[in-house]
Each structure stands twice: as structure tokens, then as C-alpha cells.
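Trainee: I need the structure of the sequence given here:
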Amino acid sequence: MVTDGRSIDVKELADVYDPDSGDTFVSLYVNDFDEKFVERRIDTCKSVLKGDKQSYKNFEKTTDMIFDYLHGNEKHRIIIFASYANEFFRVYRMPVPMENLFVVDSSPYIKPIVETMDKYEKYGLILINSNKARIYEVYAGRIGNEKDISKIIMGKHKKGGWSQARFQRIRKGAINQFIKEAVEDTEKFFSGEKINCIVIAGPGEAKKWFLERLPPPVKNMVIDIIDENFDEMESKIISDAEDAVERHEEEEKRDVMETLKEEILRNGLAVYGIEETMDALKDGKVNILLITKDMEIAGWKCERCQVVGIGKRKYCPYCGHSTTDVDVIEELVELAEKNDSRMEFFDDDMLRDIGGVAALLRYR
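Mentor: Residues are numbered from 1 along each chain as shown. The predicted structure is shown next:
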């Protein structure tokens, strides 16, 4: 089954690993299928695994599973995680174009997905006037789910006197009822979605009335209200909403970095560098993990006692079990997902100077 990229359960993938064998999972990212690239990576991995009969056999059978799938299915913009030994096979649609990758590891390689999710945040968009509303879930400039709501409300009354006043009361009551229904539908629409922010758009005062009626949990997610013609091109409305979301994300990242600086200076709720950050993640202390974009650090991991270290080491110094080569940043990302820690990726010189990674803590 192929699942849309927006519904990738990264936490589930972070929890999947094989403690008994180091290299059992193949992660294949296919933007545009390049058979030569895949075959070259397979040949290289076979050469590396040749001395381990169990891993070599699993690798062969896992790649057979992948090619069986690719033979009769779409080979464009997909992500495959597979392990024959673990009877595990998942296929997802790429949410946006990503680099072709072929990785063999002890668990699904999720760092590219997490970085993409950090860059393209899923958000809610509500376009509303006094008698129509459209509710959208938007991700990477594309509409996911959507809902239309409309109500026939009489136009303005031109006659004066008591007749006009009564007409206006009826009209106002109809608008209030529509706004109430729109609020209820919005609550239902976003109740099961992982939405961090919402943009409200539309002409006139209706969007402000709508905002006032929203319950606090939903209202607190509203980051901006923008003026838009209801009949404007959908692409233009989404583009303007994306600009608002991008401004909000930039402000949030600035706030996170400023908080990190303050906490480091006063020796407060912050750690930095690979070892301290890893220890804080293992203890479940990390609230926000800060990572330098596109950073990779070669390291090793003992699957038996789950110790991770930088550099090369054939055997674990604690239990003597053989180790596997890992990207230490990937291990940090997996730990953060398991502990429900928020992650932010930065292109920042200060963060590079203090080791490339840091964390704001929940507690000491």
C-alpha cells in the first residue's frame, strides 16, 4: 500500500529497529528512479556485508522485495522502507522533491523526512465571508483535505423604517448562525489533524467575527488574519497564506535561537555538543532539539546496549558486542521522535561553533 507523504508516521518509524542484527533495514528515497545509482549502491553494500552471512542474506532478500514492488508500480517520488528479516515493508509518496538515497541501517532512515517536515509545515487555512467558508489542510503548497460551507443569506434591504431594522436583525441573526456553524465545522475538521498553525483569510469583518467565536485550543493556533477576495484564484490565496506561515516560522526560529543563547550564557536549561545533547535525549529531558541543516557525523552504535559514539569502533566498549556504522545525527533525530521532542533545523554559525547540535531542556 502506498501512503501519501503527509501521513508518514515518523514516530512509528523511529521506534522500528532490529536489536539482534546491525544492518537489516533498507531505506530507498526515489525522486526520479535511477537504476544505475541503485545498482551501484547495492553492489557497494554487498561488498561491505559480505563477511556477515546473516546480514548479507537479509540484504539480498530485502532488495528483491523492493525490486518486486518497483517492477509493477510507480517509480517516481516515493520512499520505501524495507527489511526481510523483520517482515517490514512500507511505501510512501514523497511530499516534495527530495534527493535520491539508498541507506542500509539498523532502522528506517528518517532524517530527510524530518528535515522536510521542518521546512514544509502542514497548516490550516480558512477562507470565510458572511455566508461562505472553505476550510483547507495545506502542505508544501498543495491542498490535502478541504470542506465547503455555505448558507443563503438575504442581501441588504433598501427600504427604511421599522421594516429595515427588522430585516437587518434577521440578516444579522442568519450571519451569526452561519459563523457558529463554520466554527463547529472547523473544530471537527482539525480535530484529528496534526496542525500547528492556522491562517484565516477573507474580505470584510466576517473573518474577525469568526476568530472571536473560535474555542481557545483552535484560536491559539491562529497566526495571522489576511484580507483576500473570496473569489480570488486559489493559488494566490494559498501563496499569501504560505507567506504568513513562513514569517511565523522565521519568528519562531529566531525566538528559539535567542532562548538558546540566553540559557547557555546563564548555564540554564540548555546543553550543546553531541555527547551532552545525546545524554539529555536519552534521559527524556529535551524540549527542543536544534540541528545544523544537512549535518552528518560518522559514528558507531551498539544495538545491544544502545550506546552511540562518534568515530569508528568495531566493538562496544561496554558489552563487547559488535557495532554498526551510523550517522549520529540520525540517531539524535530518532531519539527526539521517540521522546516527542520538537526539532528545528538551522543554518547558523553560532550553532556550528558549539558542535552543530544543541537542546533546550524541559528540566535539569
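
Trainee: buried set for the top helix by length along the chain?
Mentor: Looking across the chain with DSSP state H, the single longest helix is helix 234-265. For helix 234-265, a neighbour-count test (16 or more other C-beta atoms under 10 Å) marks 237-238, 240-242, 244-245, 248-249, 253, 256-257, 260, 263-264 as buried. Using the backbone N, CA and C atoms, a C-beta is placed for each residue, glycine as well.

Trainee: Using the three-state scheme, assign the residue lying closest to Asn145 once chain neighbours are set aside.
Mentor: In this structure, Asn145 finds its nearest non-sequential neighbour in Glu137, 4.6 Å apart by C-beta to C-beta, 6 or more residues apart in numbering. Look at Glu137: counting by DSSP: H, G, I helix; E, B strand; the rest coil, its state is strand.

Trainee: Give the burial count for Ala140, as a bare number.
Mentor: 18 (other C-beta atoms under 10 Å).

Trainee: OK, contacts around it?
Mentor: Pro95, Val96, Tyr120 (C-beta atoms under 8 Å, 6 or more residues apart in numbering).

Trainee: Contact partners for the closest residue to Glu334 other than its chain neighbours?
Mentor: Counting by C-beta to C-beta, 6+ apart, Ala14 is the residue found nearest to Glu334 once chain neighbours are left out, at 4.4 Å. Taking C-beta under 8 Å, 6+ apart as the criterion, Ala14 is in contact with Ser107, Pro108, Ile110, Val333, Glu334, Leu335, Glu337, Lys338.

Trainee: Buried members of those into ChimeraX, please.
Mentor: Here is the ChimeraX selection string for the buried members of the contacts of Ala14, based on 16+ other C-beta under 10 Å:
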select :107,108,110,333,334,335,337
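
Trainee: What about the contacts of Ala14, which are in helices?
Mentor: Val333, Glu334, Leu335, Glu337, Lys338.

Trainee: Out of these, the closest to Ser83 would be?
Mentor: Among these, Glu334 lies closest to Ser83 (C-beta to C-beta), at 15.4 Å.

Trainee: I'd say the closest one and Asp105 touch.
Mentor: No. Contact status for Glu334 versus Asp105: not in contact, 10.0 Å apart, counting by C-beta atoms under 8 Å.

Trainee: got TSV for the ones in helices among the contacts of Ala14, with pLDDT and distance to Ser130 too?
Mentor: Converted to TSV, the ones in helices among the contacts of Ala14 look like this (pLDDT from 0 to 100; distance: C-beta to C-beta, whole Å):
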residue	pLDDT	distance to Ser130
Val333	96	46
Glu334	93	49
Leu335	94	49
Glu337	94	43
Lys338	92	47
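
Trainee: quick check, nearest of those residues to Asp148?
Mentor: Glu337 (35.2 Å).

Trainee: For that closest one, which non-adjacent residue is spatially closest?
Mentor: Ala14 (3.7 Å).

Trainee: measure that neighbour to Met98 for me?
Mentor: Taking C-beta to C-beta, to the nearest Å as the measure, Ala14 falls 18 Å from Met98.

Trainee: same check, this time on Arg213
Mentor: Counting by C-beta to C-beta, the gap from Arg213 to Met98 is 40 Å.

Trainee: Please apply the same query to Lys53.
Mentor: For Lys53, the distance to Met98 - C-beta to C-beta - is 33 Å.

Trainee: Over to Ala174?
Mentor: For Ala174 relative to Met98 (C-beta to C-beta), the value is 48 Å.

Trainee: all strands of the stretch 151-300 of the chain, in order?
Mentor: 198-202, 222-227, 270-272, 286-292, 298-302 (DSSP state E, counting those that start in this stretch).

Trainee: Kindly calculate the angle that the fourth one makes with helix 234-265.
Mentor: Computed by axes from the mean of the first three to the mean of the last three C-alpha atoms, to 10 degrees, the angle separating strand 286-292 from helix 234-265 equals 100 degrees.

Trainee: and strand 286-292, how far out from the chain's middle?
Mentor: 14 Å (C-alpha atoms, centre = their mean, to the nearest Å).

Trainee: What strands line up against that strand, and which way round?
Mentor: strand 342-346 (parallel), strand 357-361 (antiparallel) (DSSP bridges).

Trainee: And the third one, by the same measure?
Mentor: The pairing partners recorded for strand 270-272 under DSSP bridges are strand 357-361 (antiparallel).

Trainee: What lies in contact with the partner strand?
Mentor: 256, 259-260, 263-264, 269-274, 277, 280-281, 285-292, 295, 329, 332, 341, 351.

Trainee: State the pLDDT value of Met257.
Mentor: If you check Met257, the pLDDT there is 97.

Trainee: go on, Ile175?
Mentor: For Ile175, the model assigns a pLDDT of 85.

Trainee: burial count for it?
Mentor: 18.

Trainee: quick one: low-confidence ranges for the protein?
Mentor: 1-6, 18-22, 151-171 (pLDDT under 70).

Trainee: Sheet partners, orientation included, of the host helix or strand of Val103?
Mentor: Secondary structure assignment for Val103, by DSSP states H and E: strand 101-105. Strand pairing for strand 101-105, using DSSP bridges, gives strand 25-32 (antiparallel).

Trainee: Can you give the distance of the partner strand from its chain's centre?
Mentor: That offset, for strand 25-32, works out to 18 Å (C-alpha atoms, centre = their mean).
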